[in-house]
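K.L.:
Quick one: sequence plus predicted model below, questions after.
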Amino acid sequence: MSTSQLLLVSLGPIQDFIASARRCHDLWFGSWLLSDLARATAESLQAGGNATLIFPGALGNDKVNVANKVLATVAGTSEVAASAAQVAEQAMRRRLIEVADEAFAGIEKEPLFRAEVARRQLDDLIEFHWVSVPLGAAADYATARACAEESLAALKNSRCWGPVSWTDGQRGVPKSSLDGLRESVVDEQLYQDVASGRASPEKLRRDFGVRGMERLCGVGLLKRLGAELSPTDGGRRRPPSFHSTSHLAAAPLLTAMTRVQGAAEAFEVYRGVLRAEGLDLERFAVRPGAQARSTFVNPFDDTSLEAPRVFPSGLDGHLLYEMRLEEAFEECTSVAASDSLAERSERLRRARSALGKLLGQIGRPPAYYALLLADGDSMGATIDSLAREGGQEAHTALSRALDEFAVGAAKTVADHGGSLIYSGGDDVLALLPLHGALACARALHDDFGAAIRASTERLQAGAPAPTLSVGLAIVHHLESFGEARGWAKKAEQAAKAYRGTGDAPPKDALAVVLVPRSGAETTVVDAWRHGPDKTLLKWVRLLGTGAISSKAAHDLLSALQPLEVGLSTSSTVDLREVVISLSRRVLSAKRERGGGRSLGDDLRQSIETRLRSAAAPFAEVERIASELLVAQALLEGAWAAFGHPDDDQRLMRPTTSPGATP
């Protein structure tokens, strides 16, 4: 009989819980909570004294996100492993109750809060599955792990579903607006009171975190209220260090303010007007987190500039957009209830006037931000190979390397002005400003390779070395966050589906998806070894300095479209020269600046080389056009942050919106 067991624990469901998020704060808290519950599980196993953690590799750093799977060896029989798993589940559920207690503390005695239903919904939230298999000699570790994975999959597929336990007999209760799975736990009487004027919408927002007339179940309410709690501050309400999509879109202006004289003073004037007009500024306060400043590289001259991560007095960049300013005055003014409609309009007019003066000095904020989603390539094959070659020791070494990368990813994202949603193992999800997105993606890719290089030396010959594929979605800051996450997932999948040409290795790629508010999306994908980030920055520089027209992408496609039919009926060799000639004419003839200057020799040679070596020259022209469209979107962030290269004070804007057809 084996005296050691391999115990595999899984917490879920992942997608239903994390993905059902209307706001990025909901998604952030859902990710944090699952990680925290997985940590409680792993800590319980470790504290038992007879378990050794394999994944995660270590729990010493509380900044490490813990994935939803926990793997450990347990000294003893299968009964001992079962007891350890049961104790771990109890610890996990106690932790869930603690978090809920903190989040619901302010509304627990509210008569219109269906507290018992909310608690039952939370009790039913987390599925805790575990299996254990005997672990013999070290050489059998790979076999035992494979058996555990197969057993866990079979267990999940054979679950028996029972009746829901969280109904209280009320009929006609609306479902949650987030996922439509569970009933709302805010009594409908409150909504009726708001609709009839007997209660203010502020009560819904202040007490329950509800915006408008949305409904929240116990799980959604936990996300909404829990996101306003600091997990390391005893449950006291504090401004979050996680930043909104609007704040990330406006972040280039933080860089601009460091070089525009008098910008900080102008911002304080604007803030004073908002306060004087009755806006509740505490509702728009954010914290920089552990890292107060970021560093950005100017693509026009390669100089570096350091900038704060939040605006003066910790004000959310949300308030730099006129549309969002109107929403703020509708929802968060202390005097709104007593004002007449005319008085409210006048307050908003004065606030808009003050905003216009501020933006006239520092420039208007970009409308787009980037959502980054990264995932390790070939990790399953890597773990299998390491388990066969080095057993448990090699798997543990890889786990610790992934923990090291996850901790470093948080700093890397902050270094580039971003806001991290999740970083655990080989997964990263983060929001980034346009002028830091490419550099952050490159840094994460390189950091991943450096972190795991030493731990994968035992890979079998021919086994693919793990790499990091990154997807970036450039989306409007007012876009539904669920939609934005879907676009980021599409970008990540495009990167992981990349196969290259010839003997190029698969995956290990960067994909950027540009999603304009009007028009079709544009996708650019290429292997990291080809420097796709450098290519895009080259186009940003050329567009920004006027060496190439902002209409170049459209003009390229329009000029070459008549050849598309010809390519299918004529010799590719004959038309290749025509494609090269027309491309050269389009890119050199229509420029924003520079008079009669010819296209630079280096640029002309680079384009001709690409078109001559491409198997399909017309497809390569389409690829260049897509790169130009993405670069044009990135240029908005560069101009907002660094100004026009020919003018240190005035911040110029692109002539077209990202991805739009002129």
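P.N.:
Looks like it arrived, so ask away.
K.L.:
Show me which helix runs longest in the chain.
P.N.:
helix 379-415 (DSSP state H).
K.L.:
The host helix or strand of residue 305 pairs with which strands, and in what direction?
P.N.:
According to DSSP states H and E, residue 305 maps onto strand 304-308. Looking at strand 304-308 with DSSP bridges, its partner strands are strand 293-297 (antiparallel).
K.L.:
For the partner strand, which outside residues touch it?
P.N.:
255, 303-309, 414-417, 435-436, 439, 641 (C-beta atoms under 8 Å, 6 or more residues apart in numbering). The C-beta positions use only the backbone N, C-alpha and C, and glycine is treated the same way.
K.L.:
Which of the residues you listed sits closest to residue 51?
P.N.:
Among the contacts of strand 293-297, residue 414 lies closest to residue 51 (C-beta to C-beta), at 33.7 Å.
K.L.:
Can you tell me how far the residue nearest to that closest one when sequence neighbours are not counted is from residue 446?
P.N.:
Residue nearest to residue 414 in three dimensions, not counting chain neighbours: residue 291, with 4.0 Å by C-beta to C-beta, 6 or more residues apart in numbering. Distance of residue 291 to residue 446, given as C-beta to C-beta, to the nearest Å: 19 Å.
K.L.:
How is this structure partitioned into domains?
P.N.:
Structurally, the chain divides into domains by automatic domain parsing as follows: 4-157, 245-362, 366-530, 545-662.
K.L.:
Report the secondary structure state of the residue nearest to residue 414.
P.N.:
coil (DSSP: H, G, I helix; E, B strand; the rest coil).
K.L.:
residue contacts, it?
P.N.:
Taking C-beta under 8 Å, 6+ apart, one finds 309, 411, 414-415 in contact with residue 291.
K.L.:
Also residue 557?
P.N.:
621-622, 625.
K.L.:
Break down the stretch 51-200 of the chain into its strands, ranges please.
P.N.:
51-55, 69-75, 127-134 (DSSP state E, counting those that start in this stretch).
K.L.:
burial count for the spatially closest residue to residue 454 that is not a sequence neighbour?
P.N.:
Among residues not flanking residue 454 along the chain, residue 401 sits closest, at 7.2 Å (C-beta to C-beta, 6+ apart). Using other C-beta atoms under 10 Å, residue 401 has 22 other residues around it.
K.L.:
What pLDDT does the model give residue 401?
P.N.:
Looking at residue 401, its pLDDT stands at 87.
K.L.:
how close does the closest residue to residue 208 other than its chain neighbours sit to residue 193?
P.N.:
Nearest residue to residue 208 in three dimensions, chain neighbours excluded: residue 186, at 5.4 Å (C-beta to C-beta, 6+ apart). Residue 186 sits 11 Å away from residue 193, going by C-beta to C-beta.
K.L.:
which residues do those two both contact?
P.N.:
With C-beta under 8 Å, 6+ apart, residue 186 and residue 193 have no common neighbours.
K.L.:
which of these two has more neighbours?
P.N.:
Neighbours were counted for residue 186 and for residue 193 using other C-beta under 10 Å; residue 186 has more, 25 against 16.
K.L.:
That one contacts residue 205, correct?
P.N.:
No: counting by C-beta atoms under 8 Å, residue 186 does not reach residue 205; the two are 11.6 Å apart.
K.L.:
Check which element follows the worst-scoring helix or strand of the chain on mean pLDDT along the chain.
P.N.:
Ranked by mean pLDDT, DSSP states H and E, the helix or strand of the chain with the weakest confidence is helix 563-569, at a mean of 57. Sequence order places helix 572-589 as the next helix or strand after helix 563-569, per DSSP H and E.
K.L.:
how about that next one: buried residues?
P.N.:
Across helix 572-589, burial judged by 16 or more other C-beta atoms under 10 Å covers 575-576, 579-580, 582-584, 586-588.
K.L.:
Ok, stretch 439-452 next?
P.N.:
Buried, per 16+ other C-beta under 10 Å, within stretch 439-452: 439-445, 447-449, 451-452.
K.L.:
CSV for those residues, including distance to residue 52 and pLDDT?
P.N.:
As requested, the buried residues of stretch 439-452 are arranged in CSV below (distance: C-beta to C-beta, whole Å; pLDDT from 0 to 100):
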residue, distance to residue 52, pLDDT
439, 39, 97
440, 35, 97
441, 36, 98
442, 36, 97
443, 33, 97
444, 30, 97
445, 32, 96
447, 28, 94
448, 26, 93
449, 28, 90
451, 22, 88
452, 21, 86
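K.L.:
Spatially, which two of these are the most separated?
P.N.:
439 and 452 (21.2 Å).
K.L.:
Could you check how far the nearest residue to residue 478 once chain neighbours are set aside is from residue 350?
P.N.:
Nearest non-adjacent residue to residue 478, counting by C-beta to C-beta, 6+ apart: residue 323, 7.3 Å away. Counting by C-beta to C-beta, the gap from residue 323 to residue 350 is 17 Å.
K.L.:
which of the two has more neighbours?
P.N.:
Taking neighbours as other C-beta under 10 Å, residue 323 and residue 350 compare with residue 350 leading, 14 against 10.
K.L.:
That one against residue 277, yeah?
P.N.:
Yes: the pair residue 350 / residue 277 is scored as a contact, 6.0 Å apart, by C-beta under 8 Å.
K.L.:
element containing the residue nearest the centre of the chain, please.
P.N.:
The centroid of the chain falls nearest to residue 430 when counting by C-alpha atoms, centre = their mean (3.1 Å). Assigned by DSSP H and E, residue 430 falls within strand 427-432.
K.L.:
That strand vs helix 379-415, what angle?
P.N.:
30 degrees (axes from the mean of the first three to the mean of the last three C-alpha atoms, to 10 degrees).
K.L.:
Give me the contacts around strand 427-432.
P.N.:
24, 31, 67, 243, 245, 248, 369-376, 406, 409, 413, 416-423, 440, 444, 472, 488.
K.L.:
List the residues that contact residue 93.
P.N.:
With C-beta under 8 Å, 6+ apart, residue 93 has these contacts: 123, 126, 128.
K.L.:
packing partners for the helix or strand that contains residue 203?
P.N.:
Assigned by DSSP H and E, residue 203 belongs to helix 201-208. Under the contact definition 3 or more C-beta pairs under 8 Å, 6 or more residues apart in numbering; DSSP states H and E, helix 201-208 sits against helix 188-196, helix 218-226, helix 322-331.
K.L.:
Find the residue ranges of the stretch 351-500 of the chain scoring beneath the pLDDT cut-off.
P.N.:
458-464 (pLDDT under 70).
K.L.:
burial count for the closest residue to residue 487 other than its chain neighbours?
P.N.:
Nearest residue to residue 487, sequence neighbours excluded (C-beta to C-beta, 6+ apart): residue 473, at 3.8 Å. Residue 473 sits with 29 neighbouring residues when counted by other C-beta under 10 Å.
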